[in-house]
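Chemist: let me see the structure of the following:
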Amino acid sequence: MPASAFLSIGIFVLTLVLVLCRPRGLNEAWFTSLGALLMLVCHIVTVGEAVQTVTEGANVLGFLLALMVLSALLDRAGFFEWAAIWAALTAKGNGKLLYRNVFVLGAMTTAVLSLDTTAIILTPIVVAFVQRLNLKARPFLIACAFVANTGSLLFPISNLTNLLYQETFQYSFVSFTQIMVVPQIVALSINYWLFRLIFKKSIPEDFDQSLLPSPTTAIADRPFFFGALVVLFFVVISYFIAALNHVPPVVVATIGSVILLAWAIIRKQADRGILKDIAWSLFPFIVGLFIVIRGVENIGLAELAGKLATECDGQAIWGLPALSCATAIGSNIINNIPMALLSISALKNAHCGVADQYAALIGCNLGPNLTIAGSLATMLVISSARKRGEHLGPMEFLRIGLITTPALVLGTSFTLKFLTSFGLAK
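Modeler: Numbering: from 1, shown residues only. Take a look at the predicted model:
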């Protein structure tokens, strides 16, 4: 193996270690940017290749920005707090129904507005309301942490990994949803009922509903709030309409966020604080990862992984589950975003079919529920909860993950295998 290969692998490993350990509490973006710089300085990736790689991911980055603006404006309108209050009110004092409603609300938020919205915005609201009801926050916090990943299979927009796969393999919004809807239902069902068993003694039988405020208290400006609801409905419906006309989701999300931003300005609900609500560090984090993974591709590591992928023949009964398990394990070791980028390169080199691609994606989305470091969304959930005085340690998360994650990955991947036998995911 040439020296450049050892150097590239060394930079890749160093980048991942720094991202996962975060020395001195520095943001992950510093370390992926450092890794990208080292790849360029060591001439493993040329400037032209770096520009090309970032350009190819421009739609993904643009969509993320539009979705973050849209989510921040919905939060400013009071939408998430309003939804959380209604979720509690409709439980009618029943603790089990409250847990179900929080789980469903998290799944819906993740599906429509991405797992990062669940992690950054919804989680602290849920934890605050549970604390207000004098309930144990731990089961609800863990539900948010898991559903941010478990609920991210349905749409291409639900997870950055989905967007990366869609951008590479050119899935349409409609076809992606048609294939993933049943696996998504299976994943959520397994997750929910396992949690009901795990937290049987922690979820309260009832709670004092009188402690809840009126949903209207979450609404500062009614015209802006109702305008936000209309825009959100427009965006969700337009994803499907646009897909039928070959219009990418980034266009729909951008139009929706611009319209809502204009309405916020008219209603005097927009200020510079909106900019602080956007996780800007996510962009250099992703760009840095793009370039680091490009360096790994340049030494042929993706080709080697591609050869291994061909061993997991999707026609064999264990083929698709094996691919899902492989990317799930990898996601917990190196984080699911770099795992998704590596698996995409491997699948392209192996010329794997659509079913294999979806199986690998299932592992990238559901696998990170094993360790805290497996998903950026999980780290964001725990960070958000810590600010509310709720601390979730890695060993406790691992203990729960060991019970649930194998069932999630295997159950969902075998569901995909079942669908392929009827020609529904080929």
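Chemist: which other helices and strands contact the helix or strand hosting residue 403?
Modeler: Secondary structure from DSSP states H and E places residue 403 in helix 394-420. With contacts defined as 3 or more Cβ pairs under 8 Å, 6 or more residues apart in numbering; DSSP states H and E, the packing partners of helix 394-420 are helix 138-150, helix 173-198, helix 319-334, helix 354-366. Placement of C-beta: from N, CA and C, glycine included.
Chemist: reformat the ones you listed as JSON lines; add distance to residue 84.
Modeler: Below are the helices and strands packed on helix 394-420 laid out as JSON lines (distance: least, Cβ to Cβ, whole Å):
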{"stretch": "helix 138-150", "distance to residue 84": "11"}
{"stretch": "helix 173-198", "distance to residue 84": "18"}
{"stretch": "helix 319-334", "distance to residue 84": "29"}
{"stretch": "helix 354-366", "distance to residue 84": "24"}
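Chemist: how about those helices, which one is nearest residue 392?
Modeler: Set against residue 392 and scored by Cβ to Cβ, the helices and strands packed on helix 394-420 come closest in helix 138-150, at 6.2 Å.
Chemist: any low-confidence regions in the stretch 1-150 of the chain?
Modeler: Counting by pLDDT under 70, the ranges of the stretch 1-150 of the chain that qualify are 1.
Chemist: quick one, which of the helices and strands packed on helix 394-420 gets closest to residue 404.
Modeler: When the helices and strands packed on helix 394-420 are compared for distance to residue 404 using Cβ to Cβ, the nearest one is helix 173-198, at 5.0 Å.
Chemist: same for the closest one, what does it pack against?
Modeler: The helices and strands touching helix 173-198, judged by 3+ Cβ pairs under 8 Å, 6+ apart, are helix 95-113, helix 138-150, helix 222-244, helix 354-366, helix 394-420.
Chemist: could you export the ones you listed as JSON lines, including mean neighbour count?
Modeler: As requested, these are arranged in JSON lines below (neighbours: other Cβ atoms under 10 Å):
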{"stretch": "helix 95-113", "mean neighbour count": "22"}
{"stretch": "helix 138-150", "mean neighbour count": "27"}
{"stretch": "helix 222-244", "mean neighbour count": "17"}
{"stretch": "helix 354-366", "mean neighbour count": "28"}
{"stretch": "helix 394-420", "mean neighbour count": "19"}
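Chemist: out of those, the one nearest residue 6 is which?
Modeler: Between residue 6 and the helices and strands packed on helix 173-198, the shortest separation by Cβ to Cβ is 26.9 Å, and it involves helix 354-366.
Chemist: centre of the chain to the closest one, how far?
Modeler: Shown here is helix 354-366, whose average C-alpha point lies 14 Å from the average C-alpha point of the whole chain (Cα atoms, centre = their mean, to the nearest Å).
Chemist: one more: stretch 132-142?
Modeler: 22 Å.
Chemist: list the neighbours of it that are in contact with it.
Modeler: Stretch 132-142 has contacts (Cβ atoms under 8 Å, 6 or more residues apart in numbering) with 88, 95, 99, 102, 123, 126-127, 130-131, 195, 199, 202-204, 207-208, 211-212, 381, 385, 388, 390, 392, 397, 400.
Chemist: again, only using 7 Å
Modeler: For stretch 132-142, contacts defined as Cβ atoms under 7 Å, 6 or more residues apart in numbering pick out 99, 102, 126-127, 130-131, 199, 202-204, 207-208, 211, 385, 390, 392, 400.
Chemist: show me just the buried residues among these.
Modeler: With neighbours counted by 16 or more other Cβ atoms under 10 Å, the contacts of stretch 132-142 contain buried members at 99, 102, 126-127, 130, 199, 202-204, 207, 385, 390, 392, 400.
Chemist: so which of those sit within helices?
Modeler: Judged by DSSP state H, helices contain the following of those: 99, 102, 126, 127, 130, 385, 400.
Chemist: fine by me, thanks again.
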